[in-house]
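Visitor: model this:
(one chain, ligands or ions: 2)
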Amino acid sequence: MRKVFGTAVVGAILSASGAYAQGTEGEGATASANMINPEEKAIGTVTMKATPSGLLHVIIEMTDLPPGPHGFHIHETGQCSVEDGFESAGGHYAGDKEHGIESGNGPHPGDFPNVNVGQDGVLKAEFFTDRLSLEESGENPLLDEDGSAVVIHASPDDYASQPSGEAGDRIACGVLK
Ligand SMILES: [Cu+2]
Ligand SMILES: [Zn+2]
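Guide: Residues are numbered from 1 along each chain as shown. Ligands and ions are numbered 1, 2, ... in the order given. As a prediction, this is how the structure comes out:
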């Protein structure tokens, strides 16, 4: 449980040393999500790699998306059902935070910057984060008991509105494995 920012910094340093120790034994942990749209069509992948620095490297490679800006988040449940419009993925991976960088108690660990899709429907983007982890023992583990899902929304995240930035419908979803 993080209560103040200082605690989060200590947690990040501890998980960084843990990741380094693992890295010396073999390759770093990796997880990926096969993304589908509401018609259940496969439209690319989101890959996450633990790095020796302790930061998680997030790599998005997708196609067939509507051009323009879209909210991009990690949601708290590893379920992507087209029947319920991907609502089964639950809310944002929230920790004990509020939504968005415009909140004094934000952002959620699962909040990311909006992604911009080109006129060709292709999305390629990369992020680093120290707020999520692939190790079970790490801070905000993605591969916890109920898993996690990557979600892209119809509209951009306003980074302020609770609980999820008014980003609209869920237009792509993938379970992290
Ligand atoms: Cu979302
Ligand atoms: Zn959020």
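Visitor: all contacts plus neighbour counts: C-alpha atoms, from now on.
Guide: Noted.
Visitor: and the residue of the chain found nearest ligand 2, how far is that from Ile74?
Guide: Among the residues of the chain, His99 lies nearest to ligand 2; the distance is 3.9 Å by Cα to the ion. Applying Cα to Cα, to the nearest Å, one obtains 12 Å for the distance of His99 from Ile74.
Visitor: overlap in contacts, these two.
Guide: Between them, His99 and Ile74 share these contacting residues under Cα atoms under 8 Å, 6 or more residues apart in numbering: Asp111.
Visitor: okay, now the residue of the chain closest to ligand 2: neighbour count?
Guide: When neighbours are counted by other Cα atoms under 10 Å, His99 registers 26.
Visitor: got phi/psi on it?
Guide: In terms of degrees, to the nearest 10, the main-chain angles of His99 are phi -80, psi 140.
Visitor: doesn't Asp158 make contact with it?
Guide: No: proximity of His99 to Asp158 does not meet the contact threshold set by Cα atoms under 8 Å, at 9.9 Å.
Visitor: need the residues touching each of the two.
Guide: With contacts taken as Cα under 8 Å, 6+ apart, His99 and Asp158 have Gly165 as neighbours in common.
Visitor: list the contacts of the residue of the chain closest to ligand 2.
Guide: For His99, the contacting residues are 105-108, 111, 159-165, taking Cα under 8 Å, 6+ apart as the criterion.
Visitor: go again with 6 Å.
Guide: Contacts here follow Cα atoms under 6 Å, 6 or more residues apart in numbering; on that basis His99 touches 106-108, 162-164.
Visitor: swap in Ile74?
Guide: Residues counted as contacts of Ile74 (Cα under 6 Å, 6+ apart) are 92-93, 110, 149-150.
Visitor: quick one: it from Pro52, how far?
Guide: 22 Å.
Visitor: tell me the most packed of the contacts of Ile74, by neighbour count.
Guide: Using other Cα under 10 Å as the neighbour test, these are led by Ala149, with 32 neighbours.
Visitor: could you list everything it pairs with in the sheet?
Guide: Taking DSSP bridges as the rule, Ala149 bridges to His75, Val175.
Visitor: helices of this protein, start to end?
Guide: 5-23 (DSSP state H).
Visitor: which other helices and strands does the lengthiest strand in the chain contact?
Guide: The single longest strand within the chain, with elements called by DSSP state E, is strand 42-50. Contacts of strand 42-50 with other secondary structure elements, assessed using 3 or more Cα pairs under 6 Å, 6 or more residues apart in numbering; DSSP states H and E, are made with strand 30-36, strand 56-62.
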